[in-house]
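A.B. asks: Next input, structure requested:
(one chain, ligands or ions: 1)
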Amino acid sequence: MEKNHPFISYTMKHYSEGKIAQNAKEFRDWAETRRSVRHFSDKHVPIEVMEELIMTGSSAPSAAHKQPWTFCLISNKELKAKLRELAEEEEYRSYNGRMSEEWIKDLEPLGTDWHKEFIDVAPWIVIIMKRAYEVDAEGNKLNNYYVSESVGLAAGFFLMAVHNAGLVALTHTPSPMNFISKALNRPENERPYLLIPVGFPADNAVVPNLSRKLKDRVIEYYL
Ligand code: IYR
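C.D. replies: Numbering: from 1, shown residues only. Reported below is the predicted structural model:
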């Protein structure tokens with residue numbers, strides 16, 4: 001083993017087969033209760049909570065352990081209002097010409113349109129940036145690998161942390177997203193990946209009555 005890259009032992013709690021089956025079932029049942037929510041309350045969520053959720057996101061595996069992400073944590077009212085305005089401008093154009101008829105039809109059951117009220121109502125907006133490459137102190141570019149895959153995993157971990165905390169989120173992809181880089185003054189090596197409002201659901205929040213694929217359509221067995 002390389003001296004410069006030491007390994008440490010890793011041990012996990014040993015569960016019985018029955019307990020493992022129970023854990024798997026209970027976690028799945030709980031995960032199935034997560035929903036994307038578009039109607040937010042403006043109720044306060046402490047910054048310390050958000051930091052914990054983000055650090056759970058950042059615990060995700062990443063290619064070559066580069067952790068190629070930055071989570072922008074936004075509560076500033078003026079900035080949220082500006083982001084909403086810019087997102088709505090782009091979304092208006094998307095819904096009124098840029099998106100295909102098929103796409104618009106696919107979104108019908110979700111009840112989305114170009115209005116993005118949640119961006120300034122939710123107490124927090126988390127914008128996950130993917131870092132295409134790193135820049136060292138001398139200005140040299142350093143590679144990151146499988147950036148989209150890695151950042152997708154971090155986003156997934158983050159969403160589960162939000163759900164676990166008793167909060168809700170929406171994975172929003174305003175398109176195109178370059179306005180975010182400008183509004184947040186992000187460096188050249190970062191690209192917006194997802195905009196995620198986080199908070200409590202509004203009292204009158206509703207979600208579409210969707211069902212999820214069952215295992216016969218999800219799993220192909222090679223036993
Ligand atoms: N970006 C638009 C459209 C949209 C696209 C998909 I794919 C969705 O699952 C939901 C919305 C919007 O946010 O409304």
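A.B. asks: Quick one: mean pLDDT for stretch 44-54?
C.D. replies: With pLDDT averaged residue by residue, stretch 44-54 scores 99.
A.B. asks: Give me the residues contacting that stretch.
C.D. replies: Stretch 44-54 is contacted from outside by 71, 73, 75, 123-124, 126, 158, 161-162, 165, 167, 198-200, using CB atoms under 8 Å, 6 or more residues apart in numbering. Where you see a C-beta, it was placed from the backbone N, CA and C, and this is true even at glycine.
A.B. asks: Considering those residues, which is situated nearest to residue 177?
C.D. replies: residue 126 (14.0 Å; CB to CB).
A.B. asks: What does the closest one show for phi and psi?
C.D. replies: Dihedral angles of residue 126 (phi, psi; degrees, to the nearest 10) stand at phi -110, psi 120.
A.B. asks: Wait, it touches residue 73, no?
C.D. replies: Yes. Taking contacts as CB atoms under 8 Å, residue 126 lies within contact range of residue 73: 5.9 Å.
A.B. asks: Those two: which is more packed in?
C.D. replies: A count of neighbours by other CB atoms under 10 Å puts residue 126 above the other of residue 126 and residue 73, at 22 against 15.
A.B. asks: Contacts only, for the nearest residue to the more buried one once chain neighbours are set aside.
C.D. replies: Spatially, and ignoring its direct neighbours in sequence, residue 126 is nearest to residue 196 (4.6 Å; CB to CB, 6 or more residues apart in numbering). Counting by CB under 8 Å, 6+ apart, residue 196 touches 125-128, 155, 158-159, 169-172.
A.B. asks: can you do 7 Å?
C.D. replies: By CB atoms under 7 Å, 6 or more residues apart in numbering, the residues touching residue 196 are 126, 128, 169-172.
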